[in-house]
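> Provided below are the primary sequence and the corresponding predicted coordinates.
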Amino acid sequence: MTAAIVKEKVELDVADGTRMAAYVARPGEGGPTSGAAGFQEAFGGEPPHTKRGRAICGGSYVAIAPELFHRSAPPGFEGSYTDFPAVMPHCKR
C-alpha cells in the first residue's frame with residue numbers, strides 16, 4: 001500500500017532578497033525521510049515538473065521543485081514548446 005502524498009506550494013527566501021515559489025511533495029505520515037530536488041527545463045515548471053515531483057516522492061521521499069525563473073517570469077510560468085524565442089529571456093539570467 002502506498003502512503004498518502006501531501007502536495008503543496010511553498011515560498012523560499014533567496015539570498016538576493018527575492019522569494020521563489022516551489023512545489024513540494026512529501027509523505028503524509030512518518031518521521032524523517034530522504035529528499036530530492038528536481039529542476040525545471042527551459043520551458044518552466046508546470047505541470048510536468050509537479051508530476052515528476054510526485055513520482056520522485058512516491059510516498060517515501062520529500063521532493064522539491066523550485067521555480068527557477070522567479071525573477072523574470074510570472075509564478076507558474078509555462079513556456080510554449082513551439083515558441084522557444086519567447087522562453088530564451090528567462091534562460092539568460
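Everything's here; your move. Residues are numbered from 1 along each chain as shown.
> quick one, strands of this structure?
Under the criterion DSSP state E, strands of the chain are mapped to 5-13, 19-27, 34-37, 61-66.
> can I get these in a markdown table including mean pLDDT, distance to M88 and mean neighbour count?
Backbone N, C-alpha and C define where each C-beta goes, glycine included. Shown next, in a markdown table, are the strands of the chain (pLDDT from 0 to 100; distance: least, CB to CB, whole Å; neighbours: other CB atoms under 10 Å):
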| stretch | mean pLDDT | distance to M88 | mean neighbour count |
| --- | --- | --- | --- |
| strand 5-13 | 88 | 25 | 13 |
| strand 19-27 | 86 | 20 | 19 |
| strand 34-37 | 75 | 24 | 12 |
| strand 61-66 | 82 | 20 | 20 |
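> okay, those in TSV with distance to E78 next?
Listed next are the strands of the chain as TSV, based on distance: least, CB to CB, whole Å:
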stretch	distance to E78
strand 5-13	15
strand 19-27	13
strand 34-37	19
strand 61-66	13
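> P74: which of those is closest?
Of all those, strand 19-27 sits nearest to P74, with 10.2 Å by CB to CB.
> assess the claim that Y61 and G30 are in contact.
No - contact criterion CB atoms under 8 Å: Y61 and G30 do not qualify, at 11.0 Å.
> ok, which of the strands of the chain comes nearest A73?
It is, among those and with distance given as CB to CB, strand 19-27, at 10.7 Å.
> partners of that closest one, with directions?
Sheet pairing for strand 19-27, assigned by DSSP bridges, gives strand 5-13 (antiparallel), strand 61-66 (antiparallel).
> could you dump those strands to JSON lines with distance to D83?
As requested, these are arranged in JSON lines below (distance: least, CB to CB, whole Å):
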{"stretch": "strand 5-13", "distance to D83": "26"}
{"stretch": "strand 61-66", "distance to D83": "23"}
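> out of those, nearest to Y23?
Taking those one by one with CB to CB, strand 61-66 is closest: 4.5 Å.
> can I get the closest one as CSV, trimmed to CA atoms?
Output of strand 61-66 as CSV, limited to C-alpha atoms (Å, rounded to 0.1, in the frame of the first residue of the first chain):
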residue,chain,number,x,y,z
TYR,A,61,10.8,10.9,-0.2
VAL,A,62,10.4,14.6,0.2
ALA,A,63,10.7,16.2,-3.3
ILE,A,64,11.0,19.9,-4.0
ALA,A,65,10.8,21.6,-7.4
PRO,A,66,11.7,25.3,-7.3
